[in-house]
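**Q** Structure for this input, please:
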Amino acid sequence: MNSLQPLFRPRTIAVLGASARGGRGTKVVQNLRDTGFEGDVFPVNPGYDDVLGYKCFPSIAALPSTPDCVVAAIGAEKSCDALEEAYARGTRAAVVLAAGFGEGGHGDDRGRRLRALSAGGMAISGPNCHGVLNVRDKVAAYGGEVPVPPKSGSVALVSQSGGLTRNAFIPLMTKRGVGFNYVVSCGNQLGVSVEDYIEYFLADDQVTTVAAHIESLRNPAKLRALALDAHRRAKTIIMFQTGRSAAGQQLVQSHTGAIVSDAKVFSAFLRRCGIVQVDYYEEFVECIELFAHAPARDQLGAGVAVISGSGGGATVAADVLADVGTPLAVFDTSTHEKLKAALPDFGTVSNPIDATGSVYSDTAMLPKLIDAVLTDPDRPIAAAALPIPRAQIVRFADAIAQAARATGRTVVAYQASPLGETLYPEVVETLHGASVPIILGVSNAMRCLKYLTRRQDLRERALTYADAAPAPRIEPQPRINGSSSFLELRAAMAALEVPIVPSSFADSEDAAVAIAREFNAPVAIKAESPGLTHKSDAGGVKLNCATADEVRAAFRAVNDGIRAHGFTPQGVVVQPMIEGIAEAYAGVVNDKVYGPVVSFGLGGIFIETLDDVTMEAAPLTPAEAERMIEGIKGFRVLDGARGRPRADIGALAQLLVRLSQFATAYAGQFRALDLNPIIVKSDGAVAVDIALEA
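**A** As a prediction, the model looks like this:
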């Protein structure tokens, strides 16, 4: 962390490529001047004696002293040469604005040169970035637009996109008075990583909210430790990832050379960290405002209470909350009576609360409504719509702020129009002074409110997991690989108590018949062959074989079936048929960045035809496993819908826990593994097939 001091708090900055004709280098010099940088600024360009009033030097060698930080606003090849020269002189921080260091397969050698400097102790921001802005200390080693004067505050922002950086912090800073201590456009992270920046931000006591837009992570384990520390200090990390779609991933690879993991795997990793992942960019921007000002330690209860002077606006709020799965609060009887007393005779008590147009003329109504909501014993979030006329919005802001300040509860103000009406400075100051965020647009506000409750839930889950993390049941085991047979996989999983149906191998018809007699039940006959994953698709499975003749016929049929698909038969696996209530699926993906992740859904053909899967990082706690099961849309199939028997959810959850421990024990030994189907009964759950991808 201290290695970033020359980057964020340099005493001298050299700007390579600054000129009297403008350009990015000149923009950096201008930003340093206009934001009041108190150290020495050394423009470097052999073609000029002066840039914006600063003495210009022909080269790094000609500088009067060694700069703490160098901003390279020149081409990629020249940047490498200059940074190596500066490093040799003693410079230990740099901002590289140019691209061309391995993105899209171009400039790999230049990328290696930058990595070598980074490994040698030079803190490099970029390449392909705008740079670093430390608002409080007036350091603007930044090649993009900077408001003058910039407003400092409790937010730190790091983004891999210069454009998305600008579109987030400038409107928030200038229009809604959000203060930023740090703004970093970090580009391709060849030197300092997103995780390194977050570590630096969190060490600053004045930073309470860290917002990160990323395309990829370099050190997930470090981020997980940082997130846990943030939770313990009531700080918030919010994250937005681009490149989640197939088209987006192609763009990311050409843009940064990053390898992007599956979006669901990444989301599972962030949940394990307790980091709030925001779905859309517009929500990301609004959530910076939201988390910068909403109370971090308010113990929120159930649902949201909306107060609106517009019936139509109240309806929109209700619809959006339903769409995103955030419940409306159900008021206590005492709250109901307070609301009834405050509303006009023709008003009705409901949630959202339609205060009617009377709320704009009756100055006593809004304080009474807010007081009723904030004193409700279930502690809902209060969301209050702001009017447009100046006199009314000032009065509403005063009432909202007084109530929020008096109770310490969470209140969010919002303007109905997503385009934003005029936000008067006194309104912003009043609301922010009482820890009340201001969101633009009723739909934006309702979508963002879900992240407040999500923050609380994620924080509690992360701290609980850290305090009582499941002990992985890891014991010395034989290695498994793509050539492992079903019985070898079953033995490895059974050693960790993953329930797999009893199974025996038969290399002849007679052996298969003998095994079937031992099971004393109808059996399944499944072909065995190296590389055979989807046995049913290759004609390699016969079910409900009840007689010796049926077993013999099945033995021949499954071997003929897979032979016709190019596989070499090696015998069959014989299993007793298992009856159950439903079929489920569980799987493991060994992600090369984030480690093993467990997935769950309905089994059989449903896993392939329905997009209804939950994912969590391994290993799991029993509570996490139950949340996964209850989180699928098809949970009602397992929960006794329409008079069906209820599945043994506890046994199914225990299977997921054991599978997650197996995934941890064998992390890195395979790419993916499926248990499909899992036969779920009213008194247990057992997997009947295993598919492994090396």
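
**Q** For Phe169, pull up the helix or strand it's in.
**A** Element membership for Phe169 (DSSP states H and E) is helix 162-175.

**Q** Point out the other helices and strands that that helix packs with.
**A** strand 155-159, strand 180-185, strand 209-214, helix 281-293 (3 or more Cβ pairs under 8 Å, 6 or more residues apart in numbering; DSSP states H and E). For every residue, glycine as well, the C-beta is placed using N, CA and C.

**Q** name the helices or strands packed onto the second one?
**A** Translated: strand 180-185. strand 131-134, strand 155-159, helix 162-175, helix 194-202.

**Q** Let me know which of these is the nearest to Gly187.
**A** Comparison of the helices and strands packed on strand 180-185 against Gly187 by Cβ to Cβ identifies helix 162-175 as nearest, at 7.5 Å.

**Q** lowest average confidence, helix or strand, in the chain?
**A** Using mean pLDDT, DSSP states H and E, helix 246-256 stands out as the lowest-scoring helix or strand of the chain, at a mean of 43.

**Q** now the protein, which segments are flagged as low pLDDT?
**A** Low-confidence segments of the chain (pLDDT under 70): 1-2, 104-105, 245-261, 469-478, 604-605, 608-609.

**Q** Map the structural domains onto the sequence of it.
**A** Annotated domains of the chain cover 1-129, 151-293, 298-465, 502-576, 582-693 [automatic domain parsing].

**Q** Quick check: bridge partners of the residue lying closest to Val637 once chain neighbours are set aside?
**A** Spatial nearest neighbour of Val637, chain neighbours left out: Ala582 (5.4 Å); criterion: Cβ to Cβ, 6 or more residues apart in numbering. Counting by DSSP bridges, Ala582 is bridged to Val680.

**Q** Just give me the neighbour total for Ala582.
**A** 21 (other Cβ atoms under 10 Å).

**Q** picking that back up, would you list the domains of the chain in a markdown table and tack on distance to Glu145?
**A** Output for the domains of the chain, formatted as a markdown table (distance: least, Cβ to Cβ, whole Å):
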| stretch | distance to Glu145 |
| --- | --- |
| domain 1-129 | 8 |
| domain 151-293 | 6 |
| domain 298-465 | 20 |
| domain 502-576 | 54 |
| domain 582-693 | 33 |
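
**Q** out of the ones you listed, which comes closest to Ala491?
**A** When the domains of the chain are compared by Cβ to Cβ, domain 502-576 sits nearest Ala491, at 9.8 Å.

**Q** Start and end of the closest one, how far apart?
**A** Domain 502-576 has its terminal residues 7 Å apart, counting by Cα to Cα, to the nearest Å.

**Q** The residue nearest to Val637 contacts Ile678, doesn't it?
**A** No: using Cβ atoms under 8 Å, Ala582 is not in contact with Ile678, being 9.1 Å away.

**Q** Contacts only, for the residue nearest to Val637.
**A** Leu602, Gly603, Val637, Leu638, Ala647, Val680 (Cβ atoms under 8 Å, 6 or more residues apart in numbering).

**Q** Beta-bridge partners for Leu16, please?
**A** Val44, Ala72.

**Q** from memory it sits against Val70, does it?
**A** Yes: judged on Cβ under 8 Å, Leu16 makes contact with Val70 at a distance of 6.4 Å.

**Q** what packs against the helix or strand containing Thr453?
**A** Element membership of Thr453 [criterion: DSSP H and E] is helix 442-467. Judged by 3+ Cβ pairs under 8 Å, 6+ apart, helix 442-467 is in contact with helix 220-232, helix 263-273, strand 276-277, helix 281-293, strand 304-308, helix 311-324, strand 381-386, strand 411-415.

**Q** of these, which approaches Ser443 most closely?
**A** Ser443 lies closest, by Cβ to Cβ, to one member of these: helix 311-324, at 5.0 Å.

**Q** What are the buried residues along that closest one?
**A** Neighbour counts using 16 or more other Cβ atoms under 10 Å place Gly313, Ala314, Val316, Ala317, Ala318, Val320, Leu321 of helix 311-324 among the buried residues.

**Q** Restricting to C-alpha, output it in PDB.
**A** The C-alpha coordinates for helix 311-324 follow below in PDB (Å, rounded to 0.1, in the frame of the first residue of the first chain):
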ATOM      1  CA  GLY A 311     -51.100   8.400  -7.600                       C
ATOM      2  CA  GLY A 312     -49.500   7.500 -11.000                       C
ATOM      3  CA  GLY A 313     -46.000   7.900  -9.500                       C
ATOM      4  CA  ALA A 314     -47.000   5.600  -6.600                       C
ATOM      5  CA  THR A 315     -48.200   3.000  -9.000                       C
ATOM      6  CA  VAL A 316     -44.900   3.100 -11.000                       C
ATOM      7  CA  ALA A 317     -43.000   2.600  -7.700                       C
ATOM      8  CA  ALA A 318     -45.100  -0.400  -6.800                       C
ATOM      9  CA  ASP A 319     -44.600  -2.000 -10.200                       C
ATOM     10  CA  VAL A 320     -40.800  -1.600 -10.200                       C
ATOM     11  CA  LEU A 321     -40.400  -2.800  -6.700                       C
ATOM     12  CA  ALA A 322     -42.400  -5.900  -7.700                       C
ATOM     13  CA  ASP A 323     -40.200  -6.400 -10.800                       C
ATOM     14  CA  VAL A 324     -36.900  -6.400  -8.800                       C
END
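
**Q** Off-centre distance for it?
**A** 26 Å (Cα atoms, centre = their mean, to the nearest Å).

**Q** Name all residues that make contact with Gly684.
**A** Taking Cβ under 8 Å, 6+ apart, one finds Pro499, Asp648, Ala651 in contact with Gly684.

**Q** got the residues you listed as JSON lines, with secondary structure columns?
**A** Listed next are the contacts of Gly684 as JSON lines, based on DSSP: H, G, I helix; E, B strand; the rest coil:
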{"residue": "Pro499", "secondary structure": "coil"}
{"residue": "Asp648", "secondary structure": "coil"}
{"residue": "Ala651", "secondary structure": "helix"}
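
**Q** Can you tell me which of these is nearest Pro46?
**A** Among the contacts of Gly684, Pro499 lies closest to Pro46 (Cβ to Cβ), at 74.5 Å.

**Q** Would you confirm that Lys633 contacts Asp612?
**A** Yes: counting by Cβ under 8 Å, Lys633 touches Asp612, with 4.8 Å between them.

**Q** residues in contact with the residue nearest in space to the middle of the chain?
**A** For the chain, the residue nearest the mean C-alpha position is Gln277 (3.4 Å; Cα atoms, centre = their mean). Taking Cβ under 8 Å, 6+ apart as the criterion, Gln277 is in contact with Ile238, Met239, Phe240, Gln241, Ser267, Leu270, Arg271.

**Q** Repeat the analysis, applying 7 Å as the threshold.
**A** Gln277 is in contact with Met239, Ser267, Leu270, counting by Cβ atoms under 7 Å, 6 or more residues apart in numbering.
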